[in-house]
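[1] Here's a sequence, model it:
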Amino acid sequence: MKMEFKIVDIDELIPNPFQPREGFDKESIGELADSLKSVGEIQPIVVRKNKKGYQIIAGERRWRAAKFAKLKEIPVLIKDTADEDVLLESLIENLHRLDLTSAERENAVRELWESGRWKSNAELGRALGKDDSWVSQNVLAAKTRKAEKIPATISTRTIADTAGLEKEERKQIIAKVEKEELPAERVREVARVVKKASEPVKKAVLRSHTRITPRVADKIMELPEKKQVEAIRQVESLRLDEEEAIPHIERFKIEMPLPSPEKIAEVRKRYEELQREIKARLEAPEVKERGVLARNWLGHVTISGALDSIHCPVCGSDWKNLTWKCHHLNIKDALKEAEQKYQQSIKNK
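    Below you'll find the predicted structure:
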């Protein structure tokens, strides 16, 4: 294709209606204008002839900066480009300059694909110098971004990494990325966990300011589901970091195996037999008598302790001389005899 180099009046240039870029940063335009003023040179802008002058194909940012710098003339390369190729060439130009936002690039690729000129993603990819997966990723991202109102600040990669999630799950992940709680390069790990996790783990991973990282989540999912909730609660409440959480969760795996139903039945039978045996022994006359003797001895011990400060009001003698009227046995000897009878009953059991 032949191209003609020419210096033209800057006002003869017309912006490109197919420009994939949706906006131009005024600060960067000003910086470029300052550079043009000092250097005085500008890379030629690619244009095509138009009824009103020259329509810009690639280089609109340079043209805007030149106008800002109040340049009168500008170098151009004039190409004979068909309408259907203007968007393609503009996109290729910006791709090589890495000069588009994710949303601008996605929309441009989607528009090219929907034009119907290319039979496959691979064919459009070859025209753009990219592979077919790159094309399909951008087309799908453009549709998803529009349908779910995903902010322009979210990258194409993040949208691709969250493919297959429920809309609300993707929304929660994107919110974490926007708040800088989740680095974009870890989105794929989180999405992987969310796709396969139990409900408690999924909720924990998606929660704001969570301590349940993908690695911690993987370890928790090795536990029975009934233990997962407790593991999550402890990691959060103890404020464990990833390296502390892993060995802590491992402890949940240590448990005593449950006995078999047969073993449980055997233990229950032995327990019931023991209960019957205890009841029978307590009902035996000798055991009842031993209980009476024991209570008698303990009663005398209590009496002796309570009488430590008691003296006879007549003669002043202490409690040791007090006697049981029935046998004229003083309290001291009665205590001794009560103990001997109880101890003898134990020997005779």
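
[2] Now do the host helix or strand of K269: distance to the chain's middle.
    Under the criterion of DSSP states H and E, K269 resides in helix 261-283. Remark: helix 261-283 is offset 51 Å from the chain centroid, using C-alpha atoms, centre = their mean, to the nearest Å.

[3] Check stretch 249-264 too.
    Computed by C-alpha atoms, centre = their mean, the separation of stretch 249-264 from the middle of its chain amounts to 30 Å.

[4] Also stretch 306-316?
    A distance of 79 Å separates the centroid of the chain from that of stretch 306-316, by C-alpha atoms, centre = their mean.

[5] Now do that stretch: everything it contacts.
    Here stretch 306-316 makes contact (C-beta atoms under 8 Å, 6 or more residues apart in numbering) with S317, D318, W319, N321, L322, I331. Where you see a C-beta, it was placed from the backbone N, CA and C, and this is true even at glycine.

[6] just checking, which of those residues belong to helices?
    Counting by DSSP state H, the contacts of stretch 306-316 place I331 in helices.

[7] ok, of the contacts of stretch 306-316, which one's closest to G53?
    Set against G53, the nearest of these by C-beta to C-beta is W319 (130.0 Å).

[8] So for the closest one, what's the pLDDT?
    Looking at W319, its pLDDT stands at 64.

[9] can you check I173 too?
    pLDDT for I173: 93.

[10] ok and whatever helix or strand comes next after the helix holding K269 relative to helix 261-283, angle-wise?
    As assigned by DSSP H and E, the chain's next helix or strand after helix 261-283 is helix 285-306. Counting by axes from the mean of the first three to the mean of the last three C-alpha atoms, to 10 degrees, helix 285-306 lies at 70 degrees to helix 261-283.

[11] following helix 285-306, which helix or strand shows up next?
    As assigned by DSSP H and E, the chain's next helix or strand after helix 285-306 is strand 323-324.

[12] that older thread, got the CA coordinates for the helix holding K269 in CSV?
    Taking Å, rounded to 0.1, in the frame of the first residue of the first chain, the C-alpha atoms of helix 261-283 are listed here in CSV:
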residue,chain,number,x,y,z
PRO,A,261,-22.0,-50.1,67.5
GLU,A,262,-21.2,-53.6,68.9
LYS,A,263,-18.6,-52.1,71.3
ILE,A,264,-21.1,-49.4,72.4
ALA,A,265,-23.7,-52.1,73.1
GLU,A,266,-21.2,-54.1,75.1
VAL,A,267,-20.2,-51.1,77.3
ARG,A,268,-23.8,-50.2,77.8
LYS,A,269,-24.6,-53.8,78.9
ARG,A,270,-21.7,-53.8,81.4
TYR,A,271,-22.8,-50.5,82.8
GLU,A,272,-26.3,-51.7,83.4
GLU,A,273,-25.0,-54.8,85.1
LEU,A,274,-22.8,-52.7,87.3
GLN,A,275,-25.7,-50.5,88.3
ARG,A,276,-27.8,-53.6,89.3
GLU,A,277,-24.9,-55.0,91.3
ILE,A,278,-24.3,-51.7,93.1
LYS,A,279,-28.0,-51.5,93.9
ALA,A,280,-28.1,-55.1,95.2
ARG,A,281,-25.0,-54.5,97.4
LEU,A,282,-26.5,-51.4,98.9
GLU,A,283,-29.6,-53.3,99.8
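
[13] Residues touching that helix, excluding its own?
    With contact meaning C-beta under 8 Å, 6+ apart, helix 261-283 is reached by P259, V287, K288.

[14] which SS state does the first one fall under?
    For P259, the secondary-structure state derived from DSSP: H, G, I helix; E, B strand; the rest coil is coil.

[15] okay, now the closest residue to it other than its chain neighbours: neighbour count?
    Nearest residue to P259, sequence neighbours excluded (C-beta to C-beta, 6 or more residues apart in numbering): V267, at 7.6 Å. Neighbourhood size, V267 [other C-beta atoms under 10 Å]: 11.

[16] and the gap between V267 and R295?
    V267 sits 34 Å away from R295, going by C-beta to C-beta, to the nearest Å.

[17] now do H327
    Using C-beta to C-beta, one gets 19 Å for the distance from H327 to R295.

[18] One more: R105?
    95 Å.

[19] try N107
    96 Å.

[20] same check, this time on A306
    As judged by C-beta to C-beta, A306 and R295 stand 16 Å apart.

[21] what about the stretch 1-150 of the chain, any weak spots by pLDDT?
    Filtered on pLDDT under 70, the stretch 1-150 of the chain yields the residue ranges 1-3, 18-42, 83-100.

[22] Do a quick rundown of the helices in it.
    For the stretch 1-150 of the chain, helices defined by DSSP state H, counting those that start in this stretch occupy the ranges 26-39, 60-68, 83-97, 102-114, 121-128, 132-148.

[23] I'm done for today, thanks for sticking with me.
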